[in-house]
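J.: sequence and predicted structure, then a few things I'm wondering about:
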Amino acid sequence: MDDIKAYIAEHRERFIQELIELLKIPSISADSAFSQDIYNAAEAIKKGLSEAGCDHVEICETKGYPIIYGEKIIDPELPTVLVYGHYDVQPPDPLELWETPPFEPTIRTNELHPQGAIFARGASDDKGQVYMHVKALEFMVSKNLLPCNVKFMIEGEEEVGSESLSDFVQENHEKLANDIILISDTGMIANDIPSITTGLRGLSYVEVEVTGPNRDLHSGLYGGAVANPINILAKMIASLHDENNHITIPGFYDKVVELTDEERTAMAKAPFDLEAYKNALDIESVYGEETYSTNERNSIRPTLDVNGIWGGYTGEGAKTVIPSKAFAKISMRLVPDQDWHEITDLFSKHFAQIAPPGVRVKVNPHHGGESYVTPIDSIGYQAASKAYETTFGKVPVPKRNGGSIPIVALFEKELGSKSILMGFGLDSNAIHSPNEHFGIWNFLKGIETIPYFYKFYTEMS
């Protein structure tokens, strides 16, 4: 592996340009208007894997968007690593907050990224991190250094719940058989503080609808006499947390696994600068569940957040109406051992019960998934730790992540293998937000580090 840095330096500009071309494709899975772009992105990933050295690559059709499967089998007796990622991206809204168009990738420098960062939707989540694996494979195959078998499974529905992937995994145990699953869809603490994600929260995502009168009404003629769905929805949402920011849904915390004092003390040792955190977000104070730290609130505690709310007239100028309907999208991040189906059911029943007379409530579940924890004493984790130590010069910090990759728990259930979460992004990469970006240094560092995981995992197995 000694010549990995030289190989990256030689092909640096090509690697970056190939990623830029992939990022130009608006593969937005949540919006059917972009369905052809999803297929275009799938073809681009297939092409990349083929050129990188996979002996077999195919686009697997599903009832939804396709899954790209690729493999490089050098010896069936050697360990097999399954690489998972996704090529679909979040909607870029609100567009007016992007400094440059979301699908016109632009390289800009800033304090955190003196070598530049690529600004585009999907740069960090997850096209940039998927493409690190493609280029790492290219290096290992071109130099005849691949020490084990590699399989790729790259999907196009991660941002909308991975429904088709669930079926694909359940129906393809033999095709996907592996010893370890490698995922880069997370981040690390800082460029000088590498970390490995050891836990993911689960997710329950719902949309609620509150209906009042059978049509929009004149607020002068009917105001004060008829329930306003927006007012009602706001009150209902506000009641979902108490004065200590504790979620009020009955039974919500019944299965929450509480960390011991020793575990919380160990977790608190991870580097964290609260003032820098607030400054980066331009906020005066943090906010959340009482008696828990910021790092605990966003990783080991369940949450409930409104992701969008709308109704009535929102155009320019004034229109004095009481709307017939009001809507909100709500996500709940879950922890071990909360079951997302149970939580969705608890939410639905509670939300209907707190609705006052005069309105009707409908809860539409969207998608969800279970939480996941990776043991740090596993061979996979130790190989990943040694890989980071080799390229970063320091041992990485194990870190719980507040985000969700709903399919990971299913991987272990169906395929019987652990997942290792080797992310190279930063919390400041603005994933899911305007001006998402991925540092060029991080992109290239991932390409440098990944081959060492294969090396050490094979040696340790």
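T.: Noted; the coordinates are in hand. Only a predicted model underlies this, so the values are computations on that prediction, with no experimental measurement involved.
J.: any idea how far residue 230 is from residue 171?
T.: 45 Å (Cβ to Cβ, to the nearest Å). Using the backbone N, CA and C atoms, a C-beta is placed for each residue, glycine as well.
J.: between those two, which is the more surrounded one?
T.: Per other Cβ atoms under 10 Å, whichever of residue 230 and residue 171 has more neighbours is residue 230, with 20 against 12.
J.: isn't the more buried one right up against residue 323?
T.: Yes: the pair residue 230 / residue 323 is scored as a contact, 6.0 Å apart, by Cβ atoms under 8 Å.
J.: shared neighbours of those two, anything?
T.: 311, 312 (Cβ atoms under 8 Å, 6 or more residues apart in numbering).
J.: buried sites along the helix or strand containing residue 204?
T.: Residue 204 is part of strand 202-211, with elements assigned from DSSP states H and E. Judged by neighbour count (16 or more other Cβ atoms under 10 Å), strand 202-211 contains these buried residues: 202, 203, 204, 205, 206, 208, 209, 210, 211.
J.: neighbouring strands - and their directions - for that strand?
T.: strand 325-334 (antiparallel), strand 360-369 (antiparallel) (DSSP bridges).
J.: quick one: average pLDDT of the last one?
T.: The predicted model gives strand 360-369 an average pLDDT of 94.
J.: list the contacts of the following helix or strand past it.
T.: Next along the chain after strand 360-369, taking DSSP H and E as the criterion, comes strand 372-373. For strand 372-373, the surrounding residues in contact (Cβ under 8 Å, 6+ apart) are 198, 199, 200, 202, 336, 405, 408, 409, 412, 419.
J.: repeat that with 6 Å
T.: 199, 200, 408, 409 (Cβ atoms under 6 Å, 6 or more residues apart in numbering).
J.: quick one: the next helix or strand after it to chain centroid distance?
T.: Note on strand 372-373: by DSSP H and E, the next helix or strand toward the C-terminus is helix 379-392. Put simply, helix 379-392 sits 22 Å off its chain's centre (Cα atoms, centre = their mean, to the nearest Å).
J.: so which elements touch helix 379-392?
T.: Secondary-structure packing of helix 379-392 (3 or more Cβ pairs under 6 Å, 6 or more residues apart in numbering; DSSP states H and E): helix 440-460.
J.: helix 379-392 and the helix it packs on, what's the angle between them?
T.: Relative orientation of helix 440-460 versus helix 379-392 (axes from the mean of the first three to the mean of the last three Cα atoms, to 10 degrees): 130 degrees.
J.: in this protein, which helix or strand is least confident?
T.: Sorted by mean pLDDT, DSSP states H and E, the helices and strands of the chain end with helix 261-267, the least confident at a mean of 86.
J.: how far away from the center of its chain is that helix?
T.: For helix 261-267, the distance to the chain centre is 25 Å (Cα atoms, centre = their mean).
J.: thinking again about what came up before, looking at the strands paired with strand 202-211, which is buried most?
T.: strand 325-334 (a mean of 21; mean count of other Cβ atoms under 10 Å).
J.: which helix or strand lies directly C-terminal to that strand?
T.: Heading C-terminal from strand 325-334 (DSSP H and E), you reach helix 340-353.
J.: which residues touch that following helix?
T.: 202, 204, 249, 251, 332, 334, 361, 363, 365, 368.
J.: and what of stretch 286-298?
T.: In contact with stretch 286-298 (Cβ under 6 Å, 6+ apart) are residues 244, 245, 272, 301, 402.
J.: now the helices for this structure?
T.: With DSSP state H as the criterion, the chain has helices at 4-23, 35-52, 127-142, 163-171, 219-222, 229-238, 261-267, 274-281, 294-297, 340-353, 379-392, 408-415, 440-460.
J.: which stretch in those is the model least sure about?
T.: helix 261-267 (a mean of 86).
J.: quick one: neighbours of residue 62, just the number.
T.: Going by other Cβ under 10 Å, the residues that sit close to residue 62 add up to 17.
J.: now do residue 170
T.: For residue 170, using other Cβ under 10 Å, the count is 12.
J.: repeat that for the one 3 residues further on.
T.: Neighbour count of residue 173, defined by other Cβ under 10 Å: 11.
J.: for it, report the pLDDT, please.
T.: For residue 173, pLDDT reads 98.
J.: ok, back up a step: of the buried residues of strand 202-211, closest to residue 442?
T.: Residue 442 has its nearest neighbour among the buried residues of strand 202-211 in residue 203, at 25.3 Å by Cβ to Cβ.
J.: list the contacts for that closest one?
T.: 368, 369, 404, 406.
J.: distance to residue 260 for these - can I get that in a markdown table?
T.: Converted to a markdown table, these look like this (distance: Cβ to Cβ, whole Å):
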| residue | distance to residue 260 |
| --- | --- |
| 368 | 27 |
| 369 | 26 |
| 404 | 24 |
| 406 | 27 |
